[in-house]
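3D model of this:
(3 chains)
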Amino acid sequence: MEPDRSALSAGARQERRLGWLLCAPAVVVMIAVTAYPVGYAVYLSLQRYDLRFPGRAEFVGLSNYGAVLTSSFWWDAFWVTLFITAVSVAIELVLGMGLALVMHRTIFWRGVVRTSVLIPYGIVTVVAAFSWQYAWTPDLGYLAELLPQGDAPLTEQWPALWLIILAEVWKTTPFMALLLLAGLALVPEETLRAAMVDGATAWQRFTKIMLPLMKPAILVALLFRTLDAFRIFDNIYILTAGAQGTGSVSILGYDNLFTALNLGIGSAISVLIFICVGIIAFTFVKLFGAAAPGAEVKR
Amino acid sequence: MAEIILEGVTKRFPDGSLAVKDVDLEIADGEFVILVGPSGCGKSTTLNMIAGLEDITEGTLRIGDRVVNDLAPKERDVAMVFQSYALYPHMSVRENMGFPLRLAKVDKATIDAKVTEAAQILDLTEYLDRKPANLSGGQRQRVAMGRAIVRDPKAFLMDEPLSNLDAKLRVQMRTQISRLQRRLGTTTVYVTHDQTEAMTLGDRVVVMRQGLVQQIGTPAELYDLPRNIFVAGFIGSPAMNFLNATLEGGALRSPVGDLPLDDRTRRSLEEQNAPREVIIGLRPEAFEDAALSHERDRTGPVFTATVEVLESLGSDVYVYFTAEGGPATTTELEELAKDSGLRDTGADTHQIVARLDAATRAREGEPMELRVDVAKAHVFDPASGANLTHPERVD
Amino acid sequence: MAAVGKTHAARWGVLNVLVVLYALFPVGWIAALSFKNPSTLTDGNYIPTDWTWDNYRGIFETSEFTRALINSIGIALIATAIAVALGTMAAYAVARLRFPGKRVLIGMSLLIAMFPPISLVSPLFNIERIIGIFDTWIGLIIPYMTFSLPLAIYTLSAFFREIPWDLEKAAKVDGATPAQAFRMVIVPLAAPGVFTTAILVFIFCWNDFLFAISLTSTESARTVPAAIAFFTGSSQFQQPTGSIAAAAVVITIPIIVFVLLFQRRIVAGLTSGAVKG
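Numbers count the residues shown, from 1 in each chain, chains lettered A, B, ... in the order given. Next up is the predicted model:
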């Protein structure tokens, strides 16, 4: 086949213009709703801006950042977020792989399994969070019944953290599993048969054939889920509202904005979270070479 | 219906590479012309330029009496059959075939009549309400043909329309296309990489290589009078055998013996200033079993070779043997070998093949005597690839 | 062989049941809660002993919930429609056209897909108050469609790439203008992909909580997830548990319907955009 390219003639110019025209609305919206506000957030974060005293707003340089970074609230929330992210993503990867294998290999009920797995993915996080909260509330929930009398796990830091992780894992493992399932579909059946004939055990086929071939899918799934988990908000808000040292950085930012009404500090936290997410994404792409989905568009 | 004229048509891609260079081609009204060549030779790009799917960088393209360089495909009134058939999967066969007419705002009754007629010609009547997904490969191919013929366009453009069919069906469809084209008398440009298709279908064949036209001629001309070593090697199956030879005292010293030159050839070689080292090309039928030749035909030189492989096709017998002195190689021949996939099979390209009468008593592993018909030998210049025995005539 | 097949089947059967239980247990629990009456609410049983519709009756009597439901549906539908429309245009360009800046667009949407929403909440909160769209539908529609645009662009461009390029060429040669080729050939073929994308985007908007609690202050634009977090119960002595459970079930119904009807499409949509060969 001859390469399908054309000279930069009238046709190509027209194609170019059409491309820009079609992308323009999406680009304008994305820039207007993210780039501009992010700039504005940076601006706000350099102000002393307390909504209770709007008249006293003034430029204070980086002192909001200084205040946040020297406060134990930020660092507590930061480590809590990191802990939740690392643990839940690790569990999700293992569980998700299992789930993906079941969905991929099961010999019957495949539709039923896939359908039920989609429910945690689709369900409103707040709804699921309430379900977990009630399940663990003493005198109300079936799971709290299983605990010794008087135990209220959501009111203690460590049990509450694990329950937050449980809620997060339950809700998002299916998404991880679906991404891994797509990766599994890329492993040719014949390659596995060949390995079987060559004498590889099931475990060897999994570790030596499937995992290496699935590596791109795994990395993309990890990247997506890590970034997503770092932004955790809904589950914590419903389960503990961030009490007993269970608040994530997003909860901290929200509290400063809407409870303390301190726009300056709140914005500084927002910008810091943005930077953290940037670092995570950069690390993934540079360190593991996770291929950004859609990054290579060919036609 | 119309003639199609290409004058100096050139295609340059944005990266500067030249896909098609300076093609001059006059296709007469009603003619069936084949563009053939290995992949990347520019044949599909040429076809796409005629269709209006690629811009023409330089040169003029006329369809009928109009210059159509800057016209959109829809204004050129040509129909195209794609290699993938490009049937619209969401439309039934009837809707697919009627689509061009619908776009041309033809009234419904006429569309129906034309589609029905085309379906009859192509034996598709019972499938008219099916979707393409429910058709076999051959049926899909016919629907693609049907979509082209309903419009009664100025020209048919076909881009490897048979290459997705299995071998048997391909031969059947080849005949059908040929018959259809004769019946409709529509100018047709047909792209293929298969030289058998090119030889059997076309009124004239255009052989292309690396964006350049190598030779334009009837199938017989290309076969008998190839202008250069590329055309000689590309046309014909099994391919022409190429051997290194030396011109010495009115004869060609070659691995298959000394071949005396006849007067015409000698004169031609002198006129062309032939070098001392040349390549000779012998088609498989230039050999015959010396044991079978009639008394009066015993004129050519005879040599002995050991048969390595023997393939009997019933009507003919192919014998493969190795000649001393090794095979001739030029860049053109390398390219042909690569294109045919011979390199990938690890096959022995040094072998010479001869087509013999079925009556031969040759046996594998045994020596036999072969006679060479010197009149059928071609002599090529290794540097330019030009055919020195049948030089390009200056008209 | 038959014996091996049987244990094999049994093993998969157990695994399948485990997966289904995993997925449905919490959902079943909140549904069960919604059918309990106040006296049996705290009995700790998974399955209600006394079934009642009171909780549902209760929430549909208050504007707090009905208004939120209308908000949720309206906002999610409008945001979905806009995001899918803009996404379709951009995705077609990404999948089919050559133009400089394509990589920038892809990079930008990837960036936004990774964006922490909390970072936008503070500036949007302030900007929306200044220009007067705080606590309005449009104030939520804007962030929703923005954050779902990357999802829409990825999913749709994956679908567009699957449409054979030859079809468009064929349409052109058949006499179609570029607009006709798009409308008569590309759109019908892309429709399933667009539909799938719309479902995914709708689920995304339907699910949001952070923007909903940050950018609203009254019933006028508060969506259901935010509203149930603020449920107070019909009297101050009564816990809102039953109402929350009932409201939770109501907003889960559309999700379940989508999942049941379009399981195959949703799986295809989720995976096509995210992982390529």
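
just the pLDDT for the nearest residue to B:D129 once chain neighbours are set aside.
Sequence neighbours aside, B:S92 is the residue nearest to B:D129 in space, at 5.3 Å (criterion: C-beta to C-beta, 6 or more residues apart in numbering or on different chains). C-beta: built from backbone N, CA, C; applies to glycine. Looking at B:S92, its pLDDT reads 94.

thought B:K131 was touching B:S92, still the case?
Yes - look at B:S92 against B:K131 with C-beta atoms under 8 Å: they come within range, at 5.9 Å.

with adjacent residues omitted, what lies nearest to residue 142?
Because you didn't say which chain, this covers chain A. Distance criterion C-beta to C-beta, 6+ apart; nearest residue to A:Y142, sequence neighbours excluded, is C:Y46 at 4.6 Å.

try again with chain C
A:V33 (5.7 Å).

helix/strand/coil for that neighbour?
helix (DSSP: H, G, I helix; E, B strand; the rest coil).

give the contact list for it.
The contact partners of A:V33, by C-beta atoms under 8 Å, 6 or more residues apart in numbering or on different chains, come to C:120, C:124, C:142-143, C:146.

quick check, nearest of those residues to chain A?
Among the contacts of A:V33, C:T146 lies closest to chain A (C-beta to the nearest C-beta), at 3.9 Å.

in the stretch 101-250 of chain B, which residue sits nearest chain C?
Proximity of the stretch 101-250 of chain B to chain C (C-beta to the nearest C-beta) peaks at B:L103, 4.2 Å away.

and that residue, what pLDDT?
On the pLDDT scale, B:L103 is placed at 91.

do you know how far the nearest residue to it once chain neighbours are set aside is from B:V93?
Excluding its sequence neighbours, the residue lying closest to B:L103 (C-beta to C-beta, 6+ apart) is C:G175, at 4.2 Å. Using C-beta to C-beta, to the nearest Å, C:G175 is found at 19 Å from B:V93.

helix, strand or coil: sort out B:L157 for me.
Going by three-state DSSP: B:L157 is strand.

next up, the contacts around it.
B:L157 touches B:47, B:50-51, B:78-81, B:188-189, C:173, counting by C-beta under 8 Å, 6+ apart.

hmm, try it at 7 Å
Each residue near B:L157 by C-beta atoms under 7 Å, 6 or more residues apart in numbering or on different chains is listed here: B:47, B:50-51, B:78-80, B:189.

then C:V259?
A:115, A:118-119, A:122, C:266.

name the nearest of the residues you listed relative to chain B.
C:I266 (21.8 Å).

what are the structural domain limits within chain B?
For chain B, automatic domain parsing gives the domain ranges B:4-229, B:239-380.

just the terminal-to-terminal distance for the first one.
Right, the one you point to is domain B:4-229. Domain B:4-229 has an end-to-end distance of 29 Å (criterion: C-alpha to C-alpha, to the nearest Å).

same check on the shortest one?
End-to-end span of domain B:239-380 (C-alpha to C-alpha): 15 Å.

close to chain B: what parts of the stretch 51-200 of chain C are there?
Contact residues (C-beta under 7 Å from any C-beta of the partner chain) of the stretch 51-200 of chain C with chain B: C:164, C:166-167, C:169-170, C:172-177, C:180, C:185, C:188-189.

and if we set it to 6 Å?
Within the stretch 51-200 of chain C, the positions near chain B by C-beta under 6 Å from any C-beta of the partner chain are C:166-167, C:169-170, C:172-176, C:185, C:188-189.

which of those residues tops the neighbour count?
Sorting these by how many neighbours each has (other C-beta atoms under 10 Å in any protein chain shown) puts C:A170 first, at 31 neighbours.

residues touching it, list them.
Going by C-beta atoms under 6 Å, 6 or more residues apart in numbering or on different chains, C:A170 touches B:82, B:86.

what's the spacing between it and B:M97?
12 Å.

which residues of the stretch 201-350 of chain B score low on pLDDT?
For the stretch 201-350 of chain B, the stretches with pLDDT under 70 are B:294-298, B:325-327, B:340-350.

in it, what residue is nearest chain A?
B:G211 (9.5 Å).

would you confirm that that residue contacts B:S17?
No - with contacts counted by C-beta atoms under 6 Å, B:G211 stays clear of B:S17, the gap being 8.9 Å.

pLDDT wise, what is the residue nearest to A:Y142 at?
81.

tell me, what residue is most central in the chain?
No chain was given, so I picked chain A. Ranked by distance to the mean C-alpha position of chain A (C-alpha atoms, centre = their mean), the top residue is A:D228 at 1.0 Å.

actually, chain C is the one I wanted.
Per C-alpha atoms, centre = their mean, the C-alpha nearest to the average position across chain C is that of C:I203, at 0.6 Å.

the residue positioned nearest the centre of chain B: what's it in contact with?
What sits nearest the mean C-alpha location of chain B, by C-alpha atoms, centre = their mean, is B:Q195, with 3.2 Å. Taking C-beta under 6 Å, 6+ apart as the contact definition, B:Q195 lies against B:234-235.

quickly note the distance from it to B:P219.
Note on B:Q195: its distance to B:P219, by C-beta to C-beta, is 9 Å.

also A:A100?
From A:A100 to B:P219 the distance is 58 Å (C-beta to C-beta).

show me which residues of the stretch 1-150 of chain C are close to chain A?
With C-beta under 6 Å from any C-beta as the criterion, the stretch 1-150 of chain C meets chain A at residues C:12, C:15-16, C:19-20, C:23-24, C:26, C:29-30, C:42, C:44, C:46, C:86, C:89-90, C:93-94, C:97, C:99, C:105-106, C:108, C:110, C:112, C:114, C:116, C:118-120, C:122-124, C:142, C:146, C:149.

any of these buried? List them.
Buried subset of the residues of the stretch 1-150 of chain C next to chain A (neighbour count, 16 or more other C-beta atoms under 10 Å in any protein chain shown): C:12, C:15-16, C:19-20, C:23, C:26, C:29-30, C:44, C:86, C:89-90, C:93-94, C:97, C:99, C:105-106, C:108, C:110, C:112, C:114, C:116, C:118-120, C:122-124, C:142, C:146, C:149.

so what does the longest helix along chain B touch, helix or strand wise?
In chain B, with assignment by DSSP state H, the single longest helix is helix B:167-184. Where contact means 3 or more C-beta pairs under 6 Å, 6 or more residues apart in numbering or on different chains; DSSP states H and E, helix B:167-184 is not packed against any helix or strand.
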